[in-house]
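> 3D model of this:
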Amino acid sequence: MVRYLALLALAAVSSMAADPTVDEVVAKYVAARGGLDKMQAIQSLKVTGKMIMLATQAEAPLTLLIKRPGSVRIEIVVNGAKTVRASDGATAWDINPNRGPDARQAGEQEARRTLESADFDGPMVNARQKGITLELLGKEDIEGAPAYKIKAIRQSGEMDYHWVDARSFLEVKSSSRRAIMGREMEIEAFIGGYKAVHGVMIPASMEQRMEGKPLVRIVWEPIEANAPIDDAVFKMPAK
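Sure, this is the predicted structure:
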């Protein structure tokens, strides 16, 4: 009897110490954000803020508009010139002042990434419905704290990685490899400053690094949920 109880205790300890599955980590992540119902009750976001160039401390104002199911518009103003990247869910386009004032329809890869940025909930939420495969790759320390590393494999074959803090179960880092000026580079985003907006935890700051070198810091303030947004702002303007 004593031996049997000892075996039961050992099994219980082993079970408690066992690593969670990827589905368990994602479920805790969704709960930490506020729950799926509250997340999906937010139908639009209007966010303003600034991007700080870490090398020079120069600042550029930013505006981000997102509206379900797949509309997004990002504006950055540098030295008075506005860059726009947007999609109405069907057509992705951009305005780059270095090319002139006219809007240009985005190429296939750019369009795919613009649509990804319109995903309110991120690739870890309802991944199967989005055709995304998730894999748990164990734990790593991020800024001195343990975090679960999750690989997201998209239908295109592209992969990105997400780190979920092992205590708060909020996302603290993401990374992906992108072709920039003909060279593939690792882009990392260190995420923080979470604030409750309509009961949902939304990050208000992010530091982006390229090949390990700090590049920009983005600060969002204010963040407005369910603000009315005219669909026309997402549509590609005529020349």
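> what's the distance between the residue nearest the centre of the chain and Ala204?
Closest to where the C-alpha atoms of the chain average out (Cα atoms, centre = their mean) is Gly122, at 5.7 Å. As for Gly122, its distance to Ala204 is 16 Å (criterion: Cβ to Cβ, to the nearest Å). (Each C-beta comes from the backbone N, C-alpha and C, glycine too.)
> The residue nearest to Pro69 when sequence neighbours are not counted: how many residues sit nearby?
Nearest-residue entry for Pro69: Gly89, 6.3 Å, with adjacent residues in sequence omitted and distances by Cβ to Cβ, 6 or more residues apart in numbering. Residues lying near Gly89 (other Cβ atoms under 10 Å) number 15.
> give me every residue that touches Gly89.
Pro69, Gly70, Ser71, Leu115, Ala118, Phe234 (Cβ atoms under 8 Å, 6 or more residues apart in numbering).
> Can I get those in TSV including secondary structure?
As requested, the contacts of Gly89 are exported to TSV (DSSP: H, G, I helix; E, B strand; the rest coil):
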residue	secondary structure
Pro69	coil
Gly70	coil
Ser71	strand
Leu115	helix
Ala118	coil
Phe234	helix
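> Can I get the buried ones among the residues you listed as something I can paste into ChimeraX?
Restricted to buried positions by 16 or more other Cβ atoms under 10 Å, the ChimeraX selection for the contacts of Gly89 reads:
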select :70,71,115,118,234
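> ok, so of the contacts of Gly89, who is nearest Glu158?
Distance to Glu158, by Cβ to Cβ, is smallest for Leu115 among these, at 12.4 Å.
> How is the closest residue to Lys130 other than its chain neighbours assigned, secondary-structure-wise?
Distance criterion Cβ to Cβ, 6+ apart; nearest residue to Lys130, sequence neighbours excluded, is Pro123 at 6.8 Å. Following three-state DSSP, the label given to Pro123 is coil.
> what sits against Pro123?
Counted by Cβ under 8 Å, 6+ apart, Pro123 has contacts Glu116, Lys130, Ile132, Leu134, Ala152, Arg154, Asp160, His162.
> Quick check: helices, which of the residues you listed are part of them?
Using DSSP state H, the subset of the contacts of Pro123 located in helices is Glu116.
> Out of the contacts of Pro123, which is nearest to Gly212?
Nearest member of these to Gly212, counting by Cβ to Cβ, is Asp160, at 16.7 Å.
> Return the set of residues that bridge with the residue lying closest to that closest one once chain neighbours are set aside.
By the measure of Cβ to Cβ, 6+ apart, the closest residue to Asp160 outside its immediate chain neighbours is Ser176, 3.9 Å from it. Ser176 has the following beta-bridge partners by DSSP bridges: Asp160, Ile187.
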